[in-house]
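Peer 1: Pasting a predicted model and its sequence here:
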Amino acid sequence: MRKTIRFAAVTIWIIFSRSYDAYCTYQWTPDLSKEANPLVSVLGMTWTPLLIVVGLLSLYSIFAFYVSIFKPMYLLPEEEGLSFREVSTFVYLGKSDHWLSILYKYPKSLSRFNQVIGHTLTKCLVFAGIVSTVMWLLINNFDYYRTMHSAPLIYTILLLGCVVIIWQWFRGVYRGYLA
């Protein structure tokens, strides 16, 4: 029951926060001329492809979260005495490797990938939803914040927050390995 409630709450939050972000973005810049999202500012996407990409990413995150909660997979190595780096790369790739390999390699197993993404990307989307919702509330209600708001500030908060979230998840997995 707790898993179901957690899954439902996270799913509702992701859908709400992504929708609220899109709604506020449309109110602020209907032609996306002031949009800082790299999909728009770098790749030049318009509303339709942007919403499709964000929607598919959100749906995949929700699917992976579902799999990680209701169909968990044992990700830890059987070998004892491994370092944090070795366990972390094993959890992601299914084998120990250099820690940087997490940034550019994919696991051979889609199931493993879904498990890790379900635990990490979902938490990052929840965090991004909090950041974007607070950002829009501040933009819409406080003139002072509008003077200090910037895309680099928001993206720095998002990037650092997601790095911390992912690091903490891997640290928790490592603690489970040590236990």
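Peer 2: Sure, I can see it.
Peer 1: Show me what the lowest-mean-pLDDT helix or strand in the chain is packed against.
Peer 2: Ranked by mean pLDDT, DSSP states H and E, the weakest helix or strand in the chain is helix 101-104, scoring a mean of 89. Judged by 3 or more C-beta pairs under 8 Å, 6 or more residues apart in numbering; DSSP states H and E, helix 101-104 is in contact with helix 84-93. The C-beta positions use only the backbone N, C-alpha and C, and glycine is treated the same way.
Peer 1: before we move on, back to that, what separates the least confident helix or strand of the chain from the chain centre, distance-wise?
Peer 2: 16 Å (C-alpha atoms, centre = their mean, to the nearest Å).
Peer 1: Stretch 144-164 now?
Peer 2: Here the centre of stretch 144-164 is set off from its chain's centre by 15 Å, with C-alpha atoms, centre = their mean.
Peer 1: Please apply the same query to stretch 36-43.
Peer 2: 18 Å.
Peer 1: returning to that earlier point: show me the contact partners of the least confident helix or strand of the chain.
Peer 2: Contact partners of helix 101-104, identified using C-beta atoms under 8 Å, 6 or more residues apart in numbering, comprise Ser88, Thr89, Tyr92, Leu93.
Peer 1: Using a markdown table, please lay out these together with neighbour count and pLDDT.
Peer 2: Output for these, formatted as a markdown table (neighbours: other C-beta atoms under 10 Å; pLDDT from 0 to 100):
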| residue | neighbour count | pLDDT |
| --- | --- | --- |
| Ser88 | 23 | 95 |
| Thr89 | 24 | 95 |
| Tyr92 | 24 | 95 |
| Leu93 | 19 | 95 |
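Peer 1: and the residues you listed as JSON lines, adding distance to Gly55?
Peer 2: Output for the contacts of helix 101-104, formatted as JSON lines (distance: C-beta to C-beta, whole Å):
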{"residue": "Ser88", "distance to Gly55": "30"}
{"residue": "Thr89", "distance to Gly55": "31"}
{"residue": "Tyr92", "distance to Gly55": "26"}
{"residue": "Leu93", "distance to Gly55": "29"}
